[in-house]
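Asker: below is the sequence, then the predicted model.
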Amino acid sequence: MKEKVIDGKTIRIIQGDITDQKADAIVNAANSKLLGGGGVDGAIHRAGGSSIMAECDRIRKEKGGCPTGTAVATTAGELNARYVIHTAGPVWTGGEKGEAELLASCHRESIRIASDKDCRVIAFPGISIGAYRYPAEQAAEISLATVAAELGESGLEEVRFVLFSSKNYDIYANALERLEK
Ligand code: ADP
């Protein structure tokens with residue numbers, strides 16, 4: 001575990017399974033149709049139960065889904081959290097299609113929603129760094145810098161990044177080390 005305090009708020013990097021986390025909000029690396037899938041999305045729906053997908057179905061019917069770079073909250077079902085915040089990260093296609101801004105937007109929107117819902121602790125996975133192929137070093141830098149910039153104004157006290165593999169843990173921990181502030 002590695003942590004840094006910025007503006008009186010804590011950013012923490014943890015290696016593990018995000019579905020084991022106790023937090024106010026757990027962020028899901030969803031797809032824009034909110035249809036569930038593999039990776040962390042599948043793990044969250046499996047561990048949280050069917051009430052999460054029931055709300056995703058309703059959101060899909062009402063608004064068509066969750067456009068890339070935006071976020072939407074549902075129940076956390078049986079997870080140890082109040083909300084799952086689903087955000088659709090960008091698919092990496094080389095960096096010329098606005099991927100960095102979309103990835104930053106995922107983090108800004110998730111923090112804004114969590115803060116509006118009076119959350120204190122939010123846990124993020126490594127959004128876009130799996131099936132969506134975003135280079136993890138770049139994703140870590142953007143994700144951490146965005147969170148650090150948003151944290152002070154938010155009602156949040158702690159942001160966790162929960163990485164499954166030791167390789168990605170090291171990448172995010174190194175990015176936190178380098179984060180200025
Ligand atoms: P994306 O489609 O946004 O790239 P993925 O789910 O494919 O999302 O991968 C995002 C990251 O989440 C990957 O590094 C993957 O190894 C990791 N991951 C998968 N399952 C879990 C889990 N249960 N907890 C935390 N991280 C996970």
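Answerer: That came in fine, so what should we check first?
Asker: which helix or strand contains the closest residue to Glu55 other than its chain neighbours?
Answerer: Distances taken as Cβ to Cβ, 6 or more residues apart in numbering put Thr74 closest to Glu55, at 3.8 Å, once the chain neighbours are dropped. In short, each C-beta sits where N, CA and C put it, glycine included. Take DSSP states H and E as the rule and Thr74 turns out to sit in strand 71-75.
Asker: hmm, who's touching the helix or strand that that strand is followed by?
Answerer: For strand 71-75, the succeeding helix or strand toward the C-terminus, using DSSP H and E, is strand 83-88. Residues from elsewhere that reach strand 83-88, judged by Cβ atoms under 8 Å, 6 or more residues apart in numbering: 24-32, 34, 44, 48, 52, 56, 65-77, 106-107, 109-110, 113-114, 117, 119, 122, 127.
Asker: please indicate which of those residues are buried?
Answerer: 24-32, 34, 44, 48, 52, 56, 65-66, 68-77, 106-107, 109-110, 113-114, 119, 122, 127 (16 or more other Cβ atoms under 10 Å).
Asker: which residues does Tyr134 contact?
Answerer: Contact analysis of Tyr134 by Cβ under 8 Å, 6+ apart lists 89-90, 92, 99, 103, 127-128.
Asker: hmm, try it at 10 Å
Answerer: Residues in contact with Tyr134, defined by Cβ atoms under 10 Å, 6 or more residues apart in numbering, are 89-93, 95, 99-100, 102-103, 126-128, 140, 142-143.
Asker: got it, and Ala43?
Answerer: 17-20, 28, 125, 164.
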